[in-house]
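Asker: Okay, here's the prediction I keep looking at, along with the sequence it came from:
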Amino acid sequence: MSTPTGHYDFAAFEAKWQKHWIENRTFRTPQPGDEDFDASRPKFYVLDMFPYPSGVGLHVGHPLGYIATDIFSRYLRMRGFNVLHPMGYDAFGLPAEQYAVEHGVPPRETTAKNIANMRAQLQRLGMGYDWDREIATTDVAYYKWTQWIFLQLYNSWYDPEEDTARPLAELIHSLECENRVVGPHGELVPVAGASTGLQEFVGLPPGTRTWSQLTPEERHDVLDAHRLAYLDEVAVNWCPALGTVLANEEVTNEGRSDRGNHPVYRRPLRQWMLRITAYADRLERDLELVDWPEAIRLMQGNWIGRSEGAEVDFAVEDSEEVIRVYTTRPDTLFGATYMVLAPEHELVDVVTSDEQRAAVQAYVEQARHRSDLDRTAETKEKTGVFTGGYAINPVNDERIPIWIADYVLMGYGTGAIMAVPAHDTRDYEFALKYNLPIVQVVQPPGNEDWRGYVGDGIAVNSGRFDGLTTAEFKKQITEWLESESLGKGAVNYKLRDWLFSRQRYWGEPFPILHDAATGQVFALDESELPVELPTIEDYRPQASDDPNAPPAPPLGRATDWANVRGYMTEAGSVKLVRPGQDAPAGVPVRAFRRELNTMPQWAGSCWYYLRYLDKHNDDALVAPEVEDYWMAPCDGGPVGGGVDLYVGGAEHAVLHLLYARFWHKVLYDLGYVSSPEPFGRLFNQGYIQAYAYQDARGMYVDVNDIEEQGEGKDLRFIRKSTGEPVTRSLGKMGKSLKNAVAPDDICHNYGTDTLRAYEMYMGPLEASKPWSTRDIVGMSRFLQAVWRRFVAEDGSIMVVEEAPDDRLHRLLHKTVKRVTFDMHNLRFNTAIAALIELNNALSGGAVPRQVAETFLKLLAPIAPHLCEELWQRLRGSHWHRSISVERWPAYDEALCVEAEVEIVVQVMGKIKARITLPASADEGQMREVALADERIVAELTGKTVRKVVCIPGRLVNIVAN
RNA sequence: GCCGAAGUGGCGGAAUUGGCAGACGCGCGGGAUUCAAAAUCCCGUCCCCGCAAGGGGGUGAGGGUUCGAUUCCCUCCUUCGGCACCA
């Protein structure tokens, strides 16, 4: 403990209190099952998006949201809430692996070092986390449960009738009971009347087979085709030079790798996929259950991309085949003048004529090698080839040509379209280029040109449907198509299934085995978890110049780890038999190779908010009573329940938040969590921007190498090391713009409390705003002024025991009201302004104790070290209870209004006088006094008063002319 | 192109429901203190005219609703974010 002095020695007392909080576990959060748990307190779960522990540490932009949630959590604790506010690390990922490749240091070591460094940084920021709950996604005890969730996905299927995920065992049971049979393409067909035992009389749907009619291999395939986690051959971004697949975000617009600028190819590879599309509808619908920024909900909605339309079958001329298309505009069917298949469409070969075959094959081959980004770049001109085949338009029996073009994507709808060039921008462009007919079928309102018109209108050239509005036409034609068995209403989503494997080392291994003999895939038994990531010597991915060389993930080098023996359990999972061990008697032992891919970085961050709840539980991901306590809707919170406040950057608007919602819903369906949504309320903090400087070549110059010269219009920026002039611009703070400012430097020069208060004072939390080290002195002055207000030069405390006078008493209550309101709404900038105003009003003389104590409580969440120190000094040296457990001050509404108010008197909206009236003055009194004011009398001379508007407590406006 | 957010002094920003535009802070100007400086304290600081009293203008631009608009409506401009051939 430091000896009391009169000097504002922030370095000493900030370290003292940080140590105090950690040693006393001040912010440990008791919960159901703990001895000191108090069930009478309301709960609140405040969550930060956890960081990636990078080697370079934090800059002042990173902790913006963390400071905000820390302040909010401290405020809620003082309000009597049981607050959960944990922190952890999203520690798998590429940088540690790249570092390992370059320096030979195992990622585990680098990561441990970076985490220790980041923890120390967070503690120096005075964060009141419950450190007992700290997690890292790379901890074996953590990723055991990431693997466990994967097993749940693997062992579940989506039941469209019940609209829920269910254990695969239930599907097998239903197939064995013949409640369901298997269709010709492996699809599940419910049997009508199955539950009544009448199916014998009804008979099975044509083309279907019962479970008992399938071979064991066919059964395996049927099950695999319905798992929520499945292997599939998909076109991926394959970078042979890096030896890995890349996410779309990791590929540049030029079709090269973000790191290293190596070529990237589209290539079909057998990869793990997660069936997120099964949840598309619920992921979209349940956005209603959460309290999120509207912009984020819209972004997720657009990403899921639900559209309603119809599927229509077009007969192929001289063939039994039909081409099924999806359209959102069935009302334009009469305007379909040609069809387009995606180059990968299965009917391309069938419809192609002999004369066109060579050209079609060349086009298909070329399309295969273009990346998706390449193909979808709108700046690129559309290309295509006529197949020589024709289809019949079902509504008017017109013969229309079939083309192939890569502007039609195989992955959306049916991979085939009817082209209506008159009313679709893309079809219009294509038709103009290739001279295809354009037929108007929609009459736009007004005099707009119908060519390329894509809006709604009145039907023309559409036979008996002429004259209908677009909406009515859609409805009628969809009914007609259904009645004629030519098509049906259909819903489509832009959302695709989630590519879930990476050819990398530093990620979670899959709990999956491949039979060494047959290649068949099996899941490990839950009892075999965790599958630990093995130590290897060489972390390099196997690079190759040959784009067709098979991928060789680094885990392939861990041969002892990868090759295992095991046996099947009754449930169909595999238990391992370790060297020297034996399987149970009579059970055959088989050789397996482990899955060598690892999971993407998103996996660990998909569910971390659940593990904080029950980090030490070895038997379950989270105990049900604990999960139920924290994830239930809070008082007045959104009905979807979940984390009560989740704060993070908007850059995760789609992927992380969508993936996490998907996993959460699976866990919900399977009964492991109680809330349908993981994050009830979401708040996006803005970025901290900073000036960045570029030299003549456009290269960024480190901010520390910059000197300002001149001022005003003559302000210039000079690079100190070379003396050359540089230009200034504003950008997101970070390494790439060389404009990062380290929080440690600010804490060292001004103190942590100053940094915290300044970051909050910069502006609204949700706004992006520029960092200005120059402006920090304002906050530093404020906190020093607070110190000097209470501590004399000799270190003695300056408070008096008298009650405050009426003016100060009212100001105090008004300030409590303002700060409480602002805290509640995360408006810390105005809360601080209110506290500065109160402090400014305390000028001269000693402060009444009542005012001093209330003031410190209000400031404590923002500047906790300063307030702890002053609180202790105020209470005497024997005092050791943290101010963070004091009760938040209450205010008296009656004291928040002044006895007298100044009323503005306007004539024709312009202020002409000010009058002082009792706050209780009614409209009549206001009017009387205002009209009697000599300034107003003079102003109204020669005018007639038409109207007098009185707003009690605010103004009088006289309309006169 | 489509979707979304935002434009207020020299700067960051404030203004709960339509009711005194510019709270609070930075910077700047002046003063006090000091041998001097730093620190601190006090006063001033939207723009224009005026010694002043006072007057006029003003929240990206233009229009509208209203007694009254930073706030609501329409059109446009600029900046930032997201999506980008999704039929």
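Answerer: In hand now; what should we look at?

Asker: Three-state assignment for whatever residue of the stretch 1-150 of chain A ends up closest to RNA strand B, please.
Answerer: Nearest residue of the stretch 1-150 of chain A to RNA strand B (CB to the nearest atom of the strand) works out as A:Y8 at 9.7 Å. (Each C-beta comes from the backbone N, C-alpha and C, glycine too.) Three-state call for A:Y8 (DSSP: H, G, I helix; E, B strand; the rest coil): coil.

Asker: Once you drop chain neighbours, what's closest to it?
Answerer: Nearest residue to A:Y8, sequence neighbours excluded (CB to CB, 6 or more residues apart in numbering): A:W787, at 4.4 Å.

Asker: For the one you found, which residues are in contact?
Answerer: If you count contacts by CB atoms under 8 Å, 6 or more residues apart in numbering, A:W787 has them with A:Y8, A:L866, A:L870.

Asker: so which of those comes closest to A:V364?
Answerer: When the contacts of A:W787 are ranked by distance to A:V364 (CB to CB), A:L866 comes first, at 70.6 Å.

Asker: Which of the helices or strands spans that closest one?
Answerer: Assigned by DSSP states H and E, A:L866 belongs to helix A:864-875.

Asker: who does that helix touch, helix- and strand-wise?
Answerer: helix A:10-23, helix A:752-761, helix A:776-790, helix A:849-859 (3 or more CB pairs under 8 Å, 6 or more residues apart in numbering; DSSP states H and E).

Asker: Is it possible to get a markdown table of the ones you listed that adds mean pLDDT?
Answerer: Output for the helices and strands packed on helix A:864-875, formatted as a markdown table (pLDDT from 0 to 100):
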| stretch | mean pLDDT |
| --- | --- |
| helix A:10-23 | 94 |
| helix A:752-761 | 96 |
| helix A:776-790 | 93 |
| helix A:849-859 | 95 |
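
Asker: So which of those helices is nearest RNA strand B?
Answerer: Nearest of the helices and strands packed on helix A:864-875 (CB to the nearest atom of the strand): helix A:776-790, 2.3 Å.

Asker: which other helices and strands contact the helix or strand containing A:L153?
Answerer: Using DSSP H and E, A:L153 maps to helix A:140-154. If you count contacts as 3+ CB pairs under 8 Å, 6+ apart, helix A:140-154 packs onto strand A:229-239, helix A:602-605, helix A:608-611, helix A:655-669.

Asker: Let me know the average pLDDT across the third one.
Answerer: Averaged across helix A:608-611, pLDDT comes to 98.

Asker: quick one: contacts of it?
Answerer: Counting by CB under 8 Å, 6+ apart, helix A:608-611 makes contact with A:45, A:47, A:50, A:88, A:90, A:135, A:137, A:142, A:145, A:621-622, A:627, A:643, A:646, A:660, A:667, A:673, A:678-679, all of which sit outside it.

Asker: Show me these that map onto helices.
Answerer: A:Y142, A:W145, A:E627, A:A660, A:L667 (DSSP state H).

Asker: Would you format those as a markdown table with distance to RNA strand B, neighbour count and pLDDT included?
Answerer: Formatted as a markdown table, the ones in helices among the contacts of helix A:608-611 follow (distance: CB to the nearest atom of the strand, whole Å; neighbours: other CB atoms under 10 Å; pLDDT from 0 to 100):
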| residue | distance to RNA strand B | neighbour count | pLDDT |
| --- | --- | --- | --- |
| A:Y142 | 28 | 21 | 97 |
| A:W145 | 29 | 21 | 98 |
| A:E627 | 32 | 21 | 97 |
| A:A660 | 17 | 22 | 96 |
| A:L667 | 26 | 24 | 98 |
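
Asker: contacting residues around the residue of the stretch 1-150 of chain A closest to RNA strand B?
Answerer: A:Y8 neighbours (CB under 8 Å, 6+ apart): A:L783, A:Q784, A:W787, A:R788, A:V791.

Asker: ok, the third one to A:P205 distance?
Answerer: Spelled out, it's A:W787. 82 Å (CB to CB, to the nearest Å).

Asker: Over to A:Q18?
Answerer: 70 Å.

Asker: Kindly report the same for A:R25.
Answerer: Counting by CB to CB - A:R25 and A:P205 are separated by 64 Å.

Asker: The helices and strands packed on helix A:140-154: lowest mean pLDDT?
Answerer: Taking the mean pLDDT of the helices and strands packed on helix A:140-154, strand A:229-239 comes last: a mean of 85.

Asker: how about the helix or strand following it: buried residues?
Answerer: Downstream of strand A:229-239, the next assigned helix or strand under DSSP H and E is strand A:244-246. Under the neighbour-count criterion of 16 or more other CB atoms under 10 Å, strand A:244-246 has A:T244, A:V245, A:L246 buried.

Asker: Show me what strand A:244-246 is packed up against.
Answerer: For strand A:244-246, the packing partners by 3+ CB pairs under 8 Å, 6+ apart are strand A:229-239.

Asker: Run the contact check for the strand it packs on versus RNA strand B.
Answerer: No. Shown here: strand A:229-239 not in contact with RNA strand B (CB under 7 Å from any atom of the strand), separated by at least 12.9 Å.

Asker: for that strand, which positions count as buried?
Answerer: Result for strand A:229-239 [16+ other CB under 10 Å]: buried residues A:A229, A:Y230, A:L231, A:V234, A:A235, A:V236, A:N237, A:W238, A:C239.

Asker: now stretch A:822-837
Answerer: Going by 16+ other CB under 10 Å, stretch A:822-837 has these buried residues: A:D822, A:M823, A:L826, A:R827, A:F828, A:N829, A:A831, A:I832, A:A834, A:L835, A:I836.

Asker: what secondary structure does the third one sit in?
Answerer: Assigned by three-state DSSP, the conformation of A:L826 is coil.

Asker: so what's it up against?
Answerer: Counted by CB under 8 Å, 6+ apart, A:L826 has contacts A:A68, A:F72, A:F683, A:L765.
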